[in-house]
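**Q** sharing a sequence plus its predicted fold:
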Amino acid sequence: GAGVSQSPSNKVTEKGKDVELRCDPISGHTALYWYRQSLGQGLEFLIYFQGNSAPDKSGLPSDRFSAERTGGSVSTLTIQRTQQEDSAVYLCASRRGTGGASYNSPLHFGNGTRLTVT
Amino acid sequence: QKEVEQDPGPLSVPEGAIVSLNCTYSNSAFQYFMWYRQYSRKGPELLMYTYSSGNKEDGRFTAQVDKSSKYISLFIRDSQPSDSATYLCAMIRLTGGGNKLTFGTGTQLKVEL
């Protein structure tokens, strides 16, 4: 079956421009996460959506970052006024979870969007 | 200090060797532990997860957790070139952490012919 799909796979943008990154989770997965992976930094949590609950935005690094999830499916991560330090791989993951912790149903990751801010 | 520490490597071993990958953590609230494998330009994929202290085996892979020492390990037996990847440990708190995984930085492994 189809996995988590992210687009674009690569994005080069100029400093100060806005970018939108898209994530199509696995059908039926109610939980969706965004992580950022920088060289030598591991995966950094950004935001978490679970069903119709209010998202956990505690990992967003600044108010230039926002995300939405429409209809409980597709999610868009928006970065406004991009800075060079925003350059990273942005990973989306989903899981089949209607409650409980992530260990019960594993996270399935997409292949990420590699963002380069020049 | 990071909550989860992992040696980034790179670690280079000959084919057939036993590989030991490790993470330490500082917060005793972490109760569930996972190992992910990430190939170049791909997303991480779950290899193993465990809760209890002790060993869990799956084929050539063994996950080991020592909660008293806040230390987890992944052993790979009879390593193959196809095992060359970055290995990330991850863990979850039972309380206060929501459903977020906290990851180590990853160890880059290369298995050479």
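**A** In hand now; what should we look at?

**Q** and the closest residue to chain B within chain A, how far from A:Ser9?
**A** In chain A, the residue found nearest to chain B is A:Phe109; the distance is 3.1 Å by CB to the nearest CB. Placement of C-beta: from N, CA and C, glycine included. For A:Phe109, the distance to A:Ser9 equals 14 Å [CB to CB, to the nearest Å].

**Q** pick out whichever of those two has more residues nearby.
**A** Under the neighbour definition other CB atoms under 10 Å in any protein chain shown, A:Phe109 and A:Ser9 were set side by side, and A:Phe109 has more, 24 against 13.

**Q** pretty sure that one contacts B:Pro44?
**A** Yes - taking CB atoms under 8 Å as the definition, A:Phe109 is a contact partner of B:Pro44 at 5.1 Å.

**Q** circling back: hey, what's the residue of chain A closest to chain B bridged with?
**A** Counting by DSSP bridges, A:Phe109 is bridged to A:Ala93.

**Q** pLDDT weak spots in chain B?
**A** Counting by pLDDT under 70, chain B shows low-confidence ranges at B:94-98.

**Q** what strand or helix carries the residue most central in space within chain A?
**A** A centroid search over chain A (CA atoms, centre = their mean) returns A:Trp34, at 2.7 Å, as the residue closest to the centre. Using DSSP states H and E, A:Trp34 sits within strand A:31-38.
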